[in-house]
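Asks: Everything below, folded, please.
(2 chains)
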Amino acid sequence: MSLTDSELVLSYREGDDQAFESLIARHTDAIFAYLARLTGDREVAADLTQETFVKAWKNLARFRESENFKTWAFTIARNSAYDWLRKKKSVVFSALDGEEFSFADTIADTEPLADEVRIRFEDAHFLEKLLTGLPADSREILLLHYVDEMTFDEIGRVRGEPLNTVKSRHRRALIALREQAAGTKGSPNDVQ
Amino acid sequence: MTDFRQIFHKLRPLIAPMGLKAAIVARIRFEERRVARRAVFITTPILALSFAGLAWGVTSAATSLAHSSLGQYLSLAVSDPMSVAALWQSFSLTIIESLPIFALTIIIGALVALLASAFVAAHNVKRAFSFA
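Replies: You can find the predicted model right below:
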């Protein structure tokens, strides 16, 4: 039976050097993919993934067993990525910052996609280009929820935001994604 | 209802480059060795100082005890325990006064520092000088 992340952390603290290697093996791909999509640069993502694990190792004493290691590591990865994006000064933050959120923002997305848009979404390359065009935080929420399969509560912990804010951002990110998809004509390669 | 989860699963998987995991492990091992070496270099002088402190404390305590009347008080306690029991408060104070308090404090402090630094050094020395 494989150990949980918290058990591996505990095991490493007790002197098992291999335990942290298991954590690295378990989470490197997910963190790399998240950082690669967030930064849009594989080389930077590889560097940031390495930095994430070194920071996690340095701060392992602060990790509590009740916490979720994946969420904790993603928080470190996110902070590293945003530091890099800020240095690069290319980060586009959502216009939502500081806005009031209405209850309507928190309800689930139930609107079906138009057939034309649905067909376009079938093309992974098209979807990737659409994601690249979204503000960094919208892109991040969609990736964490749909690719890394985090709950809104976990995303809230990674981003340091309340649950309703995350739900609201998620809803607006989907709207932005739909709008971009609907407004895009021609071949997927034309999408900016 | 649109199944965005299904849509997003169509994204091509981004696999970490070959060697990234090994590079991360190597970097962690390097950091572990760096921290271990720092611990060893910090504890080595503490170890030496505490050993010197312990030696000085023991010598000083032995000298003080040789010049004090502690031995006579102790032999009195053995030879006439009834009198000592009757005057136990005064006797205790006299015993305490005859003890080399400063030297004993140095001995205890040096011993604690010696054991703690020896423990930290022993815990880190293998990792600090491993090259695996």
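Asks: quick one, domains of chain A?
Replies: A:5-88, A:103-190 (automatic domain parsing).
Asks: In TSV, list those along with mean neighbour count.
Replies: All C-beta spots, glycine's among them, are computed from the backbone N, C-alpha and C. Shown next, in TSV, are the domains of chain A (neighbours: other CB atoms under 10 Å in any protein chain shown):
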stretch	mean neighbour count
domain A:5-88	18
domain A:103-190	17
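Asks: looking at the ones you listed, which has the lowest confidence?
Replies: Least confidently modelled of the domains of chain A is domain A:103-190, at a mean of 75 by mean pLDDT.
Asks: So what does A:Glu149 have for phi and psi?
Replies: phi 60, psi 40 (degrees, to the nearest 10).
Asks: so the closest residue to it other than its chain neighbours is in which element?
Replies: Using CB to CB, 6 or more residues apart in numbering or on different chains and skipping residues adjacent in sequence, the residue nearest A:Glu149 is B:Arg5, 7.9 Å away. Under the criterion of DSSP states H and E, B:Arg5 resides in helix B:4-8.
Asks: After that helix, which helix or strand is next? Please name it.
Replies: helix B:20-67.
Asks: helix or strand right after the lengthiest helix in chain A?
Replies: Ordering each helix of chain A by length in residues (DSSP state H) puts helix A:17-39 first. Where DSSP H and E defines the elements, the next helix or strand beyond helix A:17-39 is helix A:42-58.
Asks: Contacts only, for A:Val166.
Replies: A:141, A:152-153, A:155-156, A:159 (CB atoms under 8 Å, 6 or more residues apart in numbering or on different chains).
Asks: rerun at 10 Å
Replies: By CB atoms under 10 Å, 6 or more residues apart in numbering or on different chains, A:Val166 lies in contact with A:106, A:141, A:144-145, A:150-159.
Asks: If we only consider the residues you listed, which is nearest to A:Glu65?
Replies: A:Arg157 (15.5 Å; CB to CB).
Asks: Is the closest one in a helix, a strand, or coil?
Replies: helix (DSSP: H, G, I helix; E, B strand; the rest coil).
Asks: How much space separates the nearest residue to it once chain neighbours are set aside from chain B?
Replies: Using CB to CB, 6+ apart and skipping the chain neighbours, the partner closest in space to A:Arg157 is A:Thr71 (5.1 Å). Separation of A:Thr71 from chain B (CB to the nearest CB, to the nearest Å) stands at 19 Å.
Asks: which SSE is A:Thr71 in?
Replies: A:Thr71 belongs to helix A:69-88, assigned by DSSP H and E.
Asks: for that helix, the distance to its chain's centre please.
Replies: Its chain's C-alpha centre and that of helix A:69-88 lie 9 Å apart, by CA atoms, centre = their mean, to the nearest Å.
Asks: What of stretch B:117-132?
Replies: Worked out by CA atoms, centre = their mean, stretch B:117-132 lies 14 Å from the chain centre.
Asks: Buried residues of that stretch, list them for me.
Replies: B:117, B:120-121, B:124-125, B:127-128 (16 or more other CB atoms under 10 Å in any protein chain shown).
Asks: near chain A, which residues of chain B?
Replies: B:1-17, B:19-32, B:35, B:123, B:127, B:132 (CB under 10 Å from any CB of the partner chain).
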